[in-house]
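>>> Got a predicted model here, sequence first, then my questions.
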Amino acid sequence: MKKAINLLIIYLVFLLTGFLIGTFLYSCYLNLMDFVAGRDIKFFEDRDLYRAVFYIAYCLVFFICPLIAYYRIRHPGGIPQSIAYILICLITWLLLFPGLYELNKLCDRHFSPETAKITLSKGYFRQLDNKIYYFTEDFSPDQEGQLKANTVVIDANEYGDVYFNQLVDDDLELLKAAYPYKEILIKETFTEKILELPYNMKILVEHQKQAWDDGFLTYLGFLSIALVICSLYGITSFFEWKLINVSMLFISYFMILVVNAVYYMPYLTELKNRLVDNVVISKLGNYINDPLICVINLLFTVIFVVAGIIKFALHKHANKAK
């Protein structure tokens, strides 16, 4: 019983610690995304904190149960601990997320931090492909309200040319190429990747919000991802070596997130339409959104749960044999 209570305490500790650290780091990340060379760095502005607080809270809904399962590997317990874990999962997905989302919508209606327009600064050379841009002045609105700036453009091709032009902020190729950053210099510094993983928490968070807005039955269908994540508890004692259990836990968890995130990406639409063309899947689609990913998640949930039950039964049998 003591270990079950400890599990609930650790749950609160992980939530609070993860929220504080995550909000701090994500606020710094948002500041980095909006940073422009030559502008003052302003940490923890209202708009950044507001975005970070709720986004990190949503992410914790996905992360907290695997963290608790990891704690269980380090401190295994009996049936009371398993009951406490189930209670934690129910609280997280049926109470914590809906409460956060409703609070988020309430705050959106009554609190909207001002977002100033961020434009590129003058006095810096910025290169995109074979063109180098140098803004001789800061962007300012013209009579029509468009933000414009006089710019020296250097064509770096073999037969290069230098010309003077007035560019509009909304049409800047520099901004499009730098997305999601504001500054192309920052993107070139931080986006050197050998392999970009098809994983995006924002996709899952947005679909979770949409599922809640579509009604409780639809939200229950989305919770198939919650079931498969929470069912990872069943493999936390599958091997005798704790290190292998930890590795298996987090590899499985990461693959669950990747599969679910990739499912919602647009380039798989044609493949999904072919797979959904099934009598069972089609009928299930009358009651929930995205029935295919729901079936996939439920299938792996059964695998993890059955594996945990078999391991528990074998462990009990081995103890009796002694």
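Received the coordinates, thanks. These numbers come from a predicted model, not from an experiment.

>>> For the stretch 101-250 of the chain, which residues score under the pLDDT cut-off?
112-116, 158-160, 190-199 (pLDDT under 70).

>>> Now with 80, please.
For the stretch 101-250 of the chain, the stretches with pLDDT under 80 are 111-119, 142-146, 156-163, 165, 167, 170-171, 180, 185-200, 238-240.

>>> That one: helices as residue ranges?
Assigned by DSSP state H, counting those that start in this stretch, the helices in the stretch 101-250 of the chain fall at 173-178, 184-190, 201-213, 216-222, 224-230, 242-263.

>>> Residue 104: which of these is closest?
helix 201-213 (8.5 Å; CB to CB). In this view, the C-beta of every residue, glycine as well, is placed from N, C-alpha and C.

>>> can you give me the angle that closest one makes with helix 242-263?
70 degrees (axes from the mean of the first three to the mean of the last three CA atoms, to 10 degrees).

>>> Using PDB, write out every CA atom in helix 201-213.
Provided in PDB are the C-alpha atoms of helix 201-213 (Å, rounded to 0.1, in the frame of the first residue of the first chain):
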ATOM      1  CA  MET A 201       3.600  16.600 -30.600                       C
ATOM      2  CA  LYS A 202       1.600  19.600 -31.900                       C
ATOM      3  CA  ILE A 203      -0.200  17.300 -34.400                       C
ATOM      4  CA  LEU A 204      -1.300  14.900 -31.600                       C
ATOM      5  CA  VAL A 205      -2.300  17.800 -29.200                       C
ATOM      6  CA  GLU A 206      -4.400  19.500 -31.900                       C
ATOM      7  CA  HIS A 207      -6.200  16.300 -32.800                       C
ATOM      8  CA  GLN A 208      -6.800  15.600 -29.200                       C
ATOM      9  CA  LYS A 209      -8.400  19.100 -28.800                       C
ATOM     10  CA  GLN A 210     -10.500  18.500 -32.000                       C
ATOM     11  CA  ALA A 211     -11.700  15.100 -30.700                       C
ATOM     12  CA  TRP A 212     -12.800  16.700 -27.400                       C
ATOM     13  CA  ASP A 213     -14.700  19.400 -29.300                       C
END
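
>>> Out of the helices of the stretch 101-250 of the chain, which is the most enclosed?
Across the helices of the stretch 101-250 of the chain, averaging neighbours per residue (mean count of other CB atoms under 10 Å) puts helix 224-230 on top, at a mean of 24.

>>> I figured residue 130 was touching residue 153, is that so?
No: the pair residue 130 / residue 153 is not scored as a contact, 10.8 Å apart, by CB atoms under 8 Å.

>>> neighbour count winner among these two?
Taking other CB atoms under 10 Å, residue 130 and residue 153 do not tie; residue 153 has more neighbours (14 against 11).

>>> does the nearest residue to residue 185 once chain neighbours are set aside sit in a helix, a strand or a coil?
Using CB to CB, 6 or more residues apart in numbering and skipping residues adjacent in sequence, the residue nearest residue 185 is residue 37, 5.9 Å away. Here residue 37 takes the coil state, with states given by DSSP: H, G, I helix; E, B strand; the rest coil.

>>> Any figure for the gap between residue 37 and residue 188?
Distance, residue 37 to residue 188, using CB to CB, to the nearest Å: 12 Å.

>>> likewise residue 266?
27 Å.

>>> now do residue 254
Counting by CB to CB, the gap from residue 254 to residue 188 is 28 Å.

>>> Tell me the helix or strand right after the helix or strand hosting residue 22.
Assessed by DSSP states H and E, residue 22 sits inside helix 2-33. Sequence order places helix 46-74 as the next helix or strand after helix 2-33, per DSSP H and E.

>>> buried residues in that following helix?
Neighbour-count burial for helix 46-74 flags 48-73 (criterion: 16 or more other CB atoms under 10 Å).

>>> Could you check the angle it makes with helix 2-33?
Using the same axes, to 10 degrees: helix 46-74 against helix 2-33 is 150 degrees.

>>> what residues are up against residue 237?
Neighbour list for residue 237: 73, 76, 245, 308, 311-312, 315 [criterion: CB atoms under 8 Å, 6 or more residues apart in numbering].
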